[in-house]
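quick one, fold the following:
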Amino acid sequence: MASGKITHSYAHCWRTKTPLIYRATPQWFISMDKQGLLGKAKEAIKAVSWHPEWGQARIEGMLDGSPDWCISRQRTWGVPIALFVHRQSGEIHADTPNLIEKVARLVEVSGIDAWYDLDPADLLGAEADQYQKVTDTLDVWFDSGVTHASVIDAREELQYPADLYLEGSDQHRGWFQSSLKTAIAIKGKAPYKAVLTHGFTVDKDGRKMSKSIGNVVSPQKVINELGADVLRLWVASADFSAEMTVSDEILNRAADSYRRVRNTARYFLSNIDGFEPQQHAVAHDDLLALDRWAVDCAAQLQDEIIECYTQYQFHLVYQKLHNFCVRDMGGFYLDIIKDRIYTCAEDSLPRRSAQTALYHIAEAFVRWIAPILSFTAHEIWDFIPGDRSDSVFIAEWYPLQRLGADEAITQKDWAAILQAKEAINKVIEEQRSQGVIKGSLGADIEVSAGRELHASLAKLGDELRFVTITSKAILMPLPSSDAAENALLDGLQVVVRHSAASKCVRCWHFIDDVGSHEQHPEVCGRCVSNISGEGEGRAYA
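Below you'll find the predicted structure:
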């Protein structure tokens with residue numbers, strides 16, 4: 001005889017990490033074939049919208065892999081399978097439907113223990129000795145799988161089928177499947193119009209969150225340190241179709257993005273303070289060209305955001321929203337209109353035009369962020385001028401007007417202008433870092449552009465300097481002078497020089513006519529007009 005030790009793999013409980021003991025026990029099954037339940041379920045799957053699309057193949061595979069549905073468990077807790085089984089034949093009682101109804105009424109009064117405390121003789125009378133009370137419990141997925149009946153059908157304000165079922169990717173095996181099977185059996189159709197599956201949260205090393213490992217990021221801790229909307233923004237920014245990585249670094253990046261969105265909203269609100277839409281709003285056709293472009297830009301984005309929300313592509317909503325704040329607004333529009341808002345006469349067309357555009361964009365903007373940054377949207381809503389009697393959460397999408405086909409400066413022109421401004425900014429920044437100028441308003445620039453770009457920039461006329469935020473901007477066709485700096489854009493070259501003119505203490509532009517008015521020796525003629533005259537005229541920017 002000989003003895004020895006071997007090491008082998010044995011099934012353990014995933015929660016307690018202890019070995020499992022297997023035992024053979026009788027179970028209760030629902031046949032998927034006898035009444036055609038499997039075929040009907042697979043057919044119903046085709047009419048459901050699955051997000052992501054691979055969810056359909058996954059649940060179809062799960063159904064194919066379970067020809068019969070085991071619904072019983074041997075636990076000391078849970079919803080009982082309220083059946084009486086004949087001790088000799090193993091058949092359930094012939095009056096089972098009525099008996100289940102009687103048990104249900106007892107449970108309504110006394111809770112689940114009413115079944116376990118029940119004496120069979122109270123229901124079966126003389127037959128009690130022939131039958132055995134079942135002590136098995138229902139699979140918990142069966143419990144949650146009938147919520148379409150116990151919740152949706154039980155409440156008048158809800159409708160069947162539900163718009164969306166939302167859970168993790170493991171629920172194709174669980175809740176999604178049990179809900180489908182019970183709904184097909186009861187009503188003959190799926191309980192949901194759409195199903196969204198999300199991945200699990202993992203740490204920076206790709207490990208799932210686990211208390212035993214100690215890598216869990218507490219949502220409450222994030223909320224306390226960064227705020228609830230930063231946590232919500234991180235969730236929205238992650239592609240939920242795969243595993244979602246979270247760490248302090250990632251959350252801090254989300255906080256930076258949140259500040260960008262919040263500061264953009266603060267700019268909107270601070271510059272429409274005192275603006276009364278009914279009294280001060282400018283008709284769309286009377287808006288300056290740049291303001292009409294900004295509203296059109298928001299309108300295009302709104303169409304894209306609505307489509308993304310419809311498809312539950314929240315990470316694309318985040319990306320588009322962030323790009324709008326950083327590039328379209330912060331890097332272009334808001335920077336340009338500062339001069340108009342701060343220096344033009346209070347009730348002048350140039351200033352009211354900019355305020356009108358900001359008001360319309362703010363109305364749309366707060367609705368875009370409401371599903372994601374709910375607390376911030378609620379806060380913003382009360383500060384936007386106009387009627388705020390309703391909540392932002394029941395407000396419909398805000399109507400925005402698009403650019404007309406007969407615009408002097410088209411969408412294509414504005415796209416070229418925006419790209420040119422970005423390139424010009426790089427050259428100006430290089431000159432500023434080298435000490436040639438202190439800021440863009442201290443610069444006079446010469447812009448040499450190719451034919452198509454020249455045509456677009458030329459439409460701005462003298463207002464090109466407002467778009468480039470310089471004191472003087474001269475536009476010329478290529479080729480340019482030998483001293484030109486390449487602005488990293490095909491068909492565009494820029495020369496930057498320090499302005500030789502005097503600086504206006506009010507608008508900070510360097511202009512030759514500073515001091516030409518005796519009463520305002522340190523102010524330019526444009527500002528004098530805005531202070532005490534008719535005010536300057538603007539057509540484009």
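
residues touching Gly515, list them.
Residues in contact with Gly515 (C-beta atoms under 8 Å, 6 or more residues apart in numbering) are 502, 521-523. From N, CA and C alone the C-beta is placed, and that goes for glycine too.

let me fix that: Phe383
Neighbouring residues of Phe383 by C-beta under 8 Å, 6+ apart: Leu269.

what pLDDT does it get?
For Phe383, the pLDDT comes out at 95.

repeat that for Ser480.
The model reports Ser480 with a pLDDT of 50.

can you pull the pLDDT of the most centrally placed residue in the chain?
Nearest to the mean C-alpha position of the chain, counting by C-alpha atoms, centre = their mean, stands Phe314 at 3.7 Å. Per-residue pLDDT puts Phe314 at 94.

then Leu123?
Confidence score, pLDDT, at Leu123: 92.

could you do Thr7 as well?
pLDDT, read off for Thr7, is 88.

and it, what element?
Under the criterion DSSP states H and E, no helix or strand holds Thr7.

between the contacts of Gly515, which is closest to Ile428?
Nearest to Ile428 among the contacts of Gly515, counting by C-beta to C-beta, is Ser502 at 20.3 Å.

show me what that closest one bridges to in the sheet.
Ile511 (DSSP bridges).

mind listing what it touches?
510-512, 514-515.

filter the residues you listed down to the buried ones.
Using 16 or more other C-beta atoms under 10 Å as the burial test, the contacts of Ser502 include 510-511, 514 as buried.

can you add distance to Lys211 and pLDDT and give those back as TSV?
TSV is the format used below for the buried ones among the contacts of Ser502 (distance: C-beta to C-beta, whole Å; pLDDT from 0 to 100):
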residue	distance to Lys211	pLDDT
Phe510	64	96
Ile511	67	94
Val514	69	94
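
okay, those in CSV with distance to Asp406 next?
As requested, these are exported to CSV (distance: C-beta to C-beta, whole Å):
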residue, distance to Asp406
Phe510, 37
Ile511, 34
Val514, 39
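
roughly how far apart are Asp335 and Arg367?
24 Å (C-beta to C-beta, to the nearest Å).

comparing the two, which residue is more hemmed in?
With neighbours defined as other C-beta atoms under 10 Å, Asp335 and Arg367 compare such that Arg367 has more, 20 against 15.

my guess is that one contacts Trp397. True?
Yes. Assessed by C-beta atoms under 8 Å, Arg367 is found in contact with Trp397 at 6.0 Å.

show me where the stretch 1-150 of the chain has its helices.
37-45, 54-64, 96-110, 113-116, 121-124, 140-145, 147 (DSSP state H, counting those that start in this stretch).

now the ones you listed as TSV including mean neighbour count and distance to Asp273?
Output for the helices of the stretch 1-150 of the chain, formatted as TSV (neighbours: other C-beta atoms under 10 Å; distance: least, C-beta to C-beta, whole Å):
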stretch	mean neighbour count	distance to Asp273
helix 37-45	17	54
helix 54-64	16	48
helix 96-110	13	58
helix 113-116	15	63
helix 121-124	14	73
helix 140-145	19	50
helix 147	19	48
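
switch these over to CSV; also include distance to Asp339.
Putting the helices of the stretch 1-150 of the chain into CSV (distance: least, C-beta to C-beta, whole Å) gives the following:
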stretch, distance to Asp339
helix 37-45, 59
helix 54-64, 52
helix 96-110, 72
helix 113-116, 76
helix 121-124, 85
helix 140-145, 60
helix 147, 59
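
I'd like to know which of the ones you listed is closest to Trp14.
Of these, nearest to Trp14 by C-beta to C-beta is helix 140-145, at 15.6 Å.

need the next SSE after that closest one, C-terminal direction.
Following helix 140-145 toward the C-terminus (DSSP H and E): helix 147.

who's in contact with that following helix?
Ser179.

with stretch 170-178 instead?
55, 58-59, 62-63, 139, 141-142, 144-146, 165, 167, 195, 197.

next one: that stretch to chain centre, how far?
26 Å (C-alpha atoms, centre = their mean, to the nearest Å).

also stretch 308-324?
5 Å.

distance between the ends of that stretch?
Using C-alpha to C-alpha, to the nearest Å, the end-to-end distance of stretch 308-324 comes to 15 Å.

next one: stretch 474-493
12 Å.

still on that earlier bit, buried subset of the contacts of Gly515 as a ChimeraX selection?
Buried residues among those (16+ other C-beta under 10 Å), as a ChimeraX selection:
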select :523
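
among the contacts of Gly515, which ones are in strands?
Residues of the contacts of Gly515 located in strands (DSSP state E): Ser502.

ranges for the helices of the stretch 151-300 of the chain?
Going by DSSP H, counting those that start in this stretch, the stretch 151-300 of the chain shows helices at 175-187, 219-226, 228-237, 248-271, 277-280, 289-310.

of all those helices, which one is nearest Ala94?
Comparing those by their distance to Ala94 (C-beta to C-beta), the top pick is helix 175-187, with 21.3 Å.

distance from that closest one to the middle of the chain?
The chain centroid and the centroid of helix 175-187 are separated by 30 Å, computed with C-alpha atoms, centre = their mean.

just the angle for that helix relative to helix 37-45, thanks.
Counting by axes from the mean of the first three to the mean of the last three C-alpha atoms, to 10 degrees, helix 175-187 points 110 degrees away from the direction of helix 37-45.

for helix 175-187, C-alpha coordinates in CSV please.
Output of helix 175-187 as CSV, limited to C-alpha atoms (Å, rounded to 0.1, in the frame of the first residue of the first chain):
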residue,chain,number,x,y,z
TRP,A,175,-32.8,39.2,-15.2
PHE,A,176,-33.0,39.9,-18.9
GLN,A,177,-33.7,36.3,-19.6
SER,A,178,-36.1,35.6,-16.8
SER,A,179,-38.1,38.7,-17.6
LEU,A,180,-38.3,37.7,-21.2
LYS,A,181,-39.4,34.1,-20.4
THR,A,182,-42.1,35.1,-17.9
ALA,A,183,-43.4,37.9,-20.1
ILE,A,184,-43.7,35.6,-23.1
ALA,A,185,-45.5,33.0,-21.0
ILE,A,186,-47.9,35.6,-19.5
LYS,A,187,-48.4,38.2,-22.4
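
buried residues, that helix. List them.
175-184.

ditto for stretch 12-32
Within stretch 12-32, the residues that qualify as buried are 28, 32, counting by 16+ other C-beta under 10 Å.

can you give me the end-to-end distance of that stretch?
Note: stretch 12-32 ends 30 Å apart using C-alpha to C-alpha.

what's that stretch in contact with?
Stretch 12-32 has contacts (C-beta under 8 Å, 6+ apart) with 10-11, 37-38, 41, 63, 66-72, 74, 81, 136, 181, 185.
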